[in-house]
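Q: need a 3D model of the following:
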Amino acid sequence: MDLFYKVRQHVLNELDSMVAAGQLPTGLDMTSVTVEPPKDPLHGDMATNAAMVLAKKAKKNPREIAEILAKRLSNVDVVENSEVAGPGFLNLRISIKAWQSIFNKILELGSSYGQTGLGKNLRVNVEFVSANPTGPLHVGHTRGAVFGDALAQLLSFAGYKVTREYYVNDGGSQVDTLARSVYLRYLEAHGQVVAFEDGTYPGDYLIPVGQALKHKVGSDYVDKPEHYWLDEVRKYSTDAMMKLIKDDLSALGIKMDMFFSEKSLYGSGKIEEAIENLKNKDLIYEGILESPKGKKIEDWEPRIQTLFKSTSHGDDVDRPIKKSDGAWTYFAPDIAYHFDKIGRNFDQLIDIFGADHGGYVKRMNAAVSALSNDKVKLDIKLTQLVKLFKRGEPFKMSKRAGTFVTLRDLVDQVGSDVTRFVMLTRKNDAPLDFDFDKVLEQSRDNPVYYVQYASARIHSVFRRAKEAGINFNEDQVSNKTFCEITHDAEIKIAKKLAEWPRLVEISAKTHEPHRIAFYLYELASDFHSLWNKGGENDELRFIQEKDHEVTFAKLAMISAVLVVISSGLGILGVEPVTEMN
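A: Coordinates of the predicted model:
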């Protein structure tokens with residue numbers, strides 16, 4: 001049950017009654033009518049904009065509409081009071097019985113509380129990480145990995161059918177560089193002294209790969225010309241790096257549904273097929289792009305190129321898909337890859353890119369719009385940089401120098417749960433500071449600890465209740481009225497729990513899983529506040545040894561809190577704890 005949805009339905013029903021009574025004209029569009037928490041909780045429990053959004057079409061003063069609606073809503077059982085504010089906003093106070101019923105509903109629905117029909121089983125492809133298979137994942141990839149996985153889980157919770165996908169960039173020159181780097185480590189394993197030049201990767205992570213290659217082929221490749229070993233070492237190296245990447249993702253609890261090889265697009269006709277689709281729509285032509293002014297346009301050449309008319313679909317400039325020498329640009333296989341996704345009948349595509357790929361947003365949106373005839377929506381989310389700090393000093397990383405901080409470094413030091421939660425404490429397009437010392441603090445300033453501590457405290461109450469001979473069973477709650485739950489601090493928790501279904505829907509619509517982390521922190525804060533008040537007021541303690549009926553109600557209340565905390569942490573990919581060390 002979504003109480004906000006229920007109240008909105010009451011508002012819509014009364015508006016329909018006003019139409020039937022001639023107090024409003026027919027044909028009004030009610031879709032913009034909302035019911036949500038007011039910005040200032042002192043104004044009420046909920047607020048509706050109904051009068052404000054309908055006034056213009058109704059040709060009436062919004063306050064006049066609000067006053068009539070307020071009188072009508074006063075007869076609705078869940079509404080205790082309604083008050084017109086300002087030019088026509090309507091603030092509502094909800095009855096205490098309605099708030100008390102939240103606990104009952106949560107325990108009745110369990111982990112399905114908050115799940116909505118928003119997704120309607122629509123098929124969504126979430127592509128994330130997609131790092132070059134040239135080394136282990138670093139901390140920048142970690143943020144995209146956590147964000148993508150949490151978003152996928154959020155969408156699943158909201159009723160979408162989600163595919164997690166990794167695009168393996170194994171078709172470019174970087175995999176040749178990887179092969180040459182592994183070959184140097186292979187020679188090193190044979191006792192040769194090597195130098196990493198020409199942009200090869202000097203990271204120590206390739207040492208075991210070179211040693212394993214020696215074990216596999218012996219000395220067959222030693223001092224042989226490149227054409228003799230390049231193809232085999234390229235495949236061997238890419239496979240080794242992808243195994244390393246999969247292991248890294250597994251350490252974060254991430255399992256991809258599909259790994260798509262860029263290399264599979266070449267020589268298969270898939271790129272040509274995608275370009276032919278655009279050509280048939282008169283979106284491919286031969287031309288010369290104007291010289292870029294003030295910013296670099298990738299693959300610009302002052303000569304005739306094959307161009308995609310992306311400006312016809314919202315881009316700022318047309319984009320090259322083939323160079324003057326006939327080679328495909330980087331954009332061409334990206335077009336083909338998304339054409340393949342469209343062909344797999346996804347209803348929506350979500351790409352998660354690093355901040356340095358911001359220039360790709362408009363061109364990829366244009367390509368998907370053109371290829372799908374505007375039927376498939378693409379949402380590209382950019383994840384900003386993560387700055388690492390330890391003992392007040394910044395950590396720096398450089399992939400080519402081999403000194404970068406890896407995903408595994410992060411997980412080994414603070415654990416998967418801390419890594420995931422902290423990565424979601426900022427909106428994806430905002431920079432994030434990751435302080436190794438602060439994320440392990442046991443304080444309110446550490447959000448993951450604060451939420452986990454709430455879970456642990458609730459479990460500790462259950463253990464103490466059992467020791468006191470109180471056998472609480474959620475299954476016995478079905479007909480309970482929770483009339484014993486009346487204190488403002490308790491009702492505040494009910495109000496926060498009531499927001500959960502609405503919060504899930506908003507987060508899923510906006511593709512913003514960080515909202516879940518924020519919500520969990522606020523819910524934990526309300527719980528800890530109630531806990532602390534119990535130290536000052538015996539009546540607020542969860543275990544009332546002289547009144548098992550009241551204890552039962554309070555245990556049911558915090559059990560409902562635990563249900564929502566567990567669901568929220570599940571979306572974030574974090575395990576709720578039962579006790580703290």
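Q: list the contacts for the most centrally placed residue in the chain?
A: Centroid-nearest residue in the chain: residue 151, 2.7 Å away (criterion: C-alpha atoms, centre = their mean). Counting by C-beta atoms under 8 Å, 6 or more residues apart in numbering, residue 151 makes contact with 126, 128, 350, 352, 381, 511, 513. Using the backbone N, CA and C atoms, a C-beta is placed for each residue, glycine as well.
Q: my read is residue 286 is in a strand, agree?
A: Yes. Counting by DSSP: H, G, I helix; E, B strand; the rest coil, residue 286 is located in a strand.
Q: and the nearest residue to residue 370 once chain neighbours are set aside, how far from residue 167?
A: In space, residue 370 comes closest to residue 313 once its chain neighbours are excluded; the distance is 5.1 Å by C-beta to C-beta, 6 or more residues apart in numbering. As for residue 313, its distance to residue 167 is 22 Å (criterion: C-beta to C-beta, to the nearest Å).
Q: please apply the same query to residue 273.
A: From residue 273 across to residue 167, the span is 18 Å (C-beta to C-beta).
Q: ok, back up a step: which SSE is the residue nearest to the centre of the chain in?
A: Using DSSP states H and E, the element containing residue 151 is helix 139-157.
Q: what is the mean pLDDT for that helix?
A: The average pLDDT within helix 139-157 is 97.
Q: and what of stretch 413-429?
A: 96.
Q: and that stretch, how far from the chain's centre?
A: How far stretch 413-429 lies from its chain's middle: 12 Å, per C-alpha atoms, centre = their mean, to the nearest Å.
Q: stretch 450-461 too?
A: With C-alpha atoms, centre = their mean, you get 25 Å for stretch 450-461.
Q: now do stretch 372-382
A: On the basis of C-alpha atoms, centre = their mean, stretch 372-382 is displaced by 17 Å from the centre of the chain it belongs to.
Q: end to end, how far does that stretch reach?
A: Terminal residues of stretch 372-382 lie 23 Å apart, using C-alpha to C-alpha, to the nearest Å.
Q: residue ranges of the helices in the stretch 201-350 of the chain, please?
A: Taking DSSP state H, counting those that start in this stretch, the helices of the stretch 201-350 of the chain run over residues 207-217, 226-251, 270-279, 331-343.
Q: tell me what the last one is packed against?
A: Which is helix 331-343. Judged by 3 or more C-beta pairs under 8 Å, 6 or more residues apart in numbering; DSSP states H and E, helix 331-343 is in contact with helix 270-279, strand 319-322, strand 348-354, helix 361-371.
Q: give me the angle between it and helix 270-279.
A: If you take axes from the mean of the first three to the mean of the last three C-alpha atoms, to 10 degrees, helix 331-343 sits at 80 degrees to helix 270-279.
Q: which one, of the helices and strands packed on helix 331-343, ends up nearest to residue 109?
A: For those, proximity to residue 109 was assessed by C-beta to C-beta; strand 348-354 is nearest, at 26.8 Å.
Q: what about the helices in the stretch 1-150 of the chain?
A: 3-20, 50-58, 62-73, 96-109, 139-157.
Q: so which of those is the most packed in?
A: Mean neighbour count (mean count of other C-beta atoms under 10 Å) peaks for helix 139-157 among those, with a mean of 25.
Q: where in this structure is the helix or strand with the lowest mean pLDDT?
A: Across the helices and strands of the chain, mean pLDDT, DSSP states H and E gives its lowest value to strand 393-395, namely a mean of 81.
Q: pull the residues that contact it.
A: Under C-beta under 8 Å, 6+ apart, the answer for strand 393-395 is 387, 388, 389, 405.
Q: quick one: strands adjacent to that strand?
A: In the sheet, strand 393-395 lines up against strand 386-390 (antiparallel) (DSSP bridges).
Q: do you know how far the residue located most distally from the centre of the chain is from residue 430?
A: Taking C-alpha atoms, centre = their mean, the residue of the chain most remote from its mean C-alpha position is residue 223, at 48.9 Å. Between residue 223 and residue 430 the computed distance is 52 Å (C-beta to C-beta).
Q: over to residue 500?
A: On the measure of C-beta to C-beta, residue 500 and residue 430 end up 24 Å apart.
Q: wait, what's in contact with the closest residue to residue 305 other than its chain neighbours?
A: Distance criterion C-beta to C-beta, 6+ apart; nearest residue to residue 305, sequence neighbours excluded, is residue 320 at 4.7 Å. The contact partners of residue 320, taken as C-beta under 8 Å, 6+ apart, are 289, 299, 300, 301, 305, 306, 307, 308, 329, 331.
Q: partners of the fifth one in the sheet?
A: In this structure, residue 305 has the following beta-bridge partners (DSSP bridges): residue 287.
Q: can you verify my assumption that it contacts residue 284?
A: No. Using C-beta atoms under 8 Å, residue 305 is not in contact with residue 284, being 11.0 Å away.
Q: neighbour count winner among the two?
A: Shown here are residue 305 and residue 284; by other C-beta atoms under 10 Å, residue 305 has more neighbours (22 against 18).
Q: coming back round to it: out of the contacts of residue 151, who has the most neighbours?
A: Using other C-beta under 10 Å as the neighbour test, the contacts of residue 151 are led by residue 126, with 28 neighbours.
Q: bridged to it, which residues?
A: Residues in beta-bridge contact with residue 126 (DSSP bridges): residue 164, residue 350.
Q: quick one: pLDDT of residue 401?
A: Predicted confidence (pLDDT) for residue 401: 43.
Q: phi, psi for the residue lying closest to residue 288 once chain neighbours are set aside please.
A: Leaving out its chain neighbours, the residue that sits closest to residue 288 by C-beta to C-beta, 6+ apart is residue 304, at 5.7 Å. With angles defined as degrees, to the nearest 10, residue 304 sits at phi -70, psi 130.
Q: mind listing what residue 304 touches?
A: By C-beta under 8 Å, 6+ apart, the contact set of residue 304 is 286, 287, 288, 324.
Q: and of those, the nearest to residue 362?
A: Here the nearest of these to residue 362, counting by C-beta to C-beta, is residue 287; it sits at 18.7 Å.
Q: isn't that closest one up against residue 309?
A: No. Applying C-beta under 8 Å as the test, residue 287 and residue 309 come out as separate, 9.1 Å apart.
Q: out of those two, which sits in the more crowded spot?
A: Between residue 287 and residue 309, counted using other C-beta under 10 Å, the more crowded position is residue 309 (18 against 12).
Q: no more questions from me, cheers.
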